[in-house]
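Trainee: here are the coordinates; sequence isn't available:
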């Protein structure tokens, strides 16, 4: 699978990130590095502990990383979750978290396939 095919598979913005990073090799490098980003796990842990501050920071970080890497699907739902958590209250976050989790799984499965 090429990097472009990976991005296309998950509905992400390959052309935009390619313009920002300048080469397909860099796009692939940073996409694969995303697998080690702790933001999603921090979000999961923050929500499980009902720690609104930790959950908000993690959602905000995840949103930013996704925007920079052109991961459109995960960016959109993490941006929505960030706004729900902006008040540091976790009570209304469950449905959006499930959407973030779904998009995260789709994206990371595709990146793992790319990394092989």
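Mentor: Here it is on my side, so go on. Remember, predicted model here, so these are calculated numbers, not experimental data.
Trainee: ok, which stretches of this structure are helices?
Mentor: Secondary structure of the chain (DSSP state H): helices at 3-9, 14-21, 24-33, 39-48, 52-69, 72-85, 94-115.
Trainee: could these go into TSV alongside mean neighbour count and mean pLDDT?
Mentor: For glycine as for every other residue, the C-beta is placed from the backbone atoms N, C-alpha and C. TSV is the format used below for the helices of the chain (neighbours: other C-beta atoms under 10 Å; pLDDT from 0 to 100):
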stretch	mean neighbour count	mean pLDDT
helix 3-9	18	96
helix 14-21	16	95
helix 24-33	16	96
helix 39-48	18	98
helix 52-69	21	97
helix 72-85	21	97
helix 94-115	16	97
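Trainee: Most distant residue from the centre of this protein?
Mentor: Distance from the centre of the chain peaks at residue 91, with 21.4 Å (C-alpha atoms, centre = their mean).
Trainee: mind listing what the residue lying closest to residue 39 once chain neighbours are set aside touches?
Mentor: Ranked by C-beta to C-beta, 6 or more residues apart in numbering and with sequence neighbours excluded, the top spatial neighbour of residue 39 is residue 62, at 4.0 Å. Going by C-beta atoms under 8 Å, 6 or more residues apart in numbering, residue 62 touches 37, 39-40, 43, 74, 78, 100.
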